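Here is a sequence together with a model predicted from it:
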Amino acid sequence: MAAPPRFGPLQLALAAAGAAAAALDLAADGWVAAGYARGGRPGWAALALALLAAASVATQACSWLWLRSDPAALRPGVPPWLLAALHLLQLGFFFRCLYALKVGWKVCWAKAEDEEEQSRMAFLSHDISMLRLFETFLENTPQLILLLYVILRTNKAEPSQGLGICTAFLCVTWSLLDYHQSLRSFLQDKYKLSLGSSIVYFLWNLFLICPRILAVTLFALLWPYGVAVHFPLVWLAMFLWVSLQGTDFMESPGAEPLYRAMVAVILYFSWFNVAQGRTLYRSIIYHGFILVDSTLLALSWLWCRSPSDNHSYLVPVVSAALPCYLLGLALRVTYYKWLHPNMWAQQEGAYDEVDASERSDGLEFRSCSVPDLVNRRMQWLAQAQFSILRPARQCFLNGAVAVESAV
């Protein structure tokens, strides 16, 4: 029986920094939107605020649905009507962050280590990590495209836009690393995310996302309304693809389409594994599709731009986008070949199940003495990420483990 990962001062500081970064990003978005309005660009201001509002509503909805399905012992000690009001006011995520900091402070400075309190803190951190990832790709990444579009369209950058770009990149990189670390926390300590693997994981995500953002931005420069057609079409394809994989993330079947819709937005920009089993072929299909799509967007800009426009300096940047994407794929292969926990388990003599169709116990997951304090939403994703198949007849609902009849 392995205890949950220790939550110490460093983790508390990182949690506080994450909450501060989210608040700073919100302030930066408001500053940018206000700058557009003052500059006589109400359309850009409205679009920036619409992106912010849409991401916030979706994130708050997930947060509220999770709170309703979680055991009562895991909910904050406030009246249900107050929790509902906070989510309606779009403050649910920040309340979660503050509540987690309160629990983390108590856990961090407790004289005696309490496994139950450590498990409770891990549960809260996992939900915050997932919500941060959703908010990042629903709001920060589209905002980044809008910022780059405005800068290229006006050929000037305001201080607020520079701050917005910095906070957007910070939130994207932070959310990806935090999400991956959260998944790794379900594994035994010997599979802890090292500095080297963290760097490689960060770089391959950066090198894959940047060309995608550049291609969409350049396409928007020529056809601003074309993006309003391109995004829904690609999003719909990704939504159908995710649905065909049979995800089972939300506790309520009626809420599963919301999760799939949000994952489809993530897949518009970056790879996100949502199903257990073979990932190699799914990854090849996805990256092949995104590579072709991004190439067509970039080529359309190169072919259709006016020879007299003042964006000729972007041609070398566009030329470097393909090598950048291929470098990202090479780093991704490097990560999964030498730095992925499955490879470590294989080196220890365990069966490699990256592309296996049978269950194996090569990777060792943590177990908890209090089953109700296991975040089974994130545990399900961790098992998909690390190719651990779900045991038969086990239903991953938060709270007590339910046993279902075999279908």
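That came in fine, so what should we check first?

can you give me the strands in this protein?
Assigned strands in the chain, in chain order: 394-395, 402-403 (criterion: DSSP state E).

Going by mean pLDDT, which of those comes out lowest?
With a mean of 35, strand 402-403 has the lowest mean pLDDT of the strands of the chain.

Quick one: low-confidence residue ranges for the protein.
Low-confidence segments of the chain (pLDDT under 70): 1-6, 111-114, 188-193, 308, 340-372, 387-407.

who's in contact with the residue most central in space within it?
Centrality entry for the chain: nearest residue to the mean C-alpha point is L133, 2.9 Å, by Cα atoms, centre = their mean. Contact analysis of L133 by Cβ atoms under 8 Å, 6 or more residues apart in numbering lists S175, L176, D178, Y179, I266. (Each C-beta comes from the backbone N, C-alpha and C, glycine too.)

between these, which is closest to L329?
L176 (16.3 Å; Cβ to Cβ).

May I ask which of the contacts of L133 has the most neighbours?
Note: the member of the contacts of L133 with the most neighbours is S175, at 24 neighbours, neighbours being other Cβ atoms under 10 Å.

That one contacts M130, correct?
No - using Cβ atoms under 8 Å, S175 is not in contact with M130; the gap is 9.4 Å.

give the contact list for L86.
G92, F95.

How much space separates it from M238?
31 Å (Cβ to Cβ, to the nearest Å).

now do M130
From M130 over to M238 (counting by Cβ to Cβ), the distance is 18 Å.

Counting neighbours, go ahead and name the busier of these two.
Using other Cβ under 10 Å as the criterion, M130 and M238 rank with M130 on top: 26 against 22.

is it true that that one touches M378?
Yes - counting by Cβ under 8 Å, M130 does reach M378; the two are 6.3 Å apart.

Need the overlap of contacts for those two.
S182.

neighbouring contacts of stretch 305-315?
Stretch 305-315 has contacts (Cβ under 8 Å, 6+ apart) with L152, N155, L218, L221, L222, L302.

Pull out the buried residues from that stretch.
R305, H311, L314 (16 or more other Cβ atoms under 10 Å).

Looking at those residues, which one is closest to A45?
Closest approach between the buried residues of stretch 305-315 and A45, by Cβ to Cβ: H311, at 23.9 Å.

Could you report the distance from the closest one to F169?
Distance, H311 to F169, using Cβ to Cβ: 22 Å.

Then A55?
Between A55 and F169 the distance is 16 Å, computed by Cβ to Cβ.

Compare those two and say which one has the larger neighbour count.
Taking other Cβ under 10 Å, A55 and F169 do not tie; A55 has more neighbours (23 against 17).

Would you agree the more buried one is in contact with T141?
No - shown here, A55 and T141 do not form a contact pair, counting by Cβ under 8 Å, at 9.7 Å.

If we ignore the residues flanking it in sequence, what's nearest T217?
Leaving aside its sequence neighbours, T217 sits nearest to L148 (Cβ to Cβ, 6 or more residues apart in numbering; 4.6 Å).

need the longest helix for the chain.
Longest helix in the chain by number of residues (criterion: DSSP state H): helix 9-38.

re the thing from before, now rank the contacts of stretch 305-315 by neighbours and give me the top one.
Tallying neighbours with other Cβ under 10 Å puts L218 at the head of these, with 25 neighbours.

and it, how far is that from V172?
Applying Cβ to Cβ to L218 and V172 gives a distance of 19 Å.
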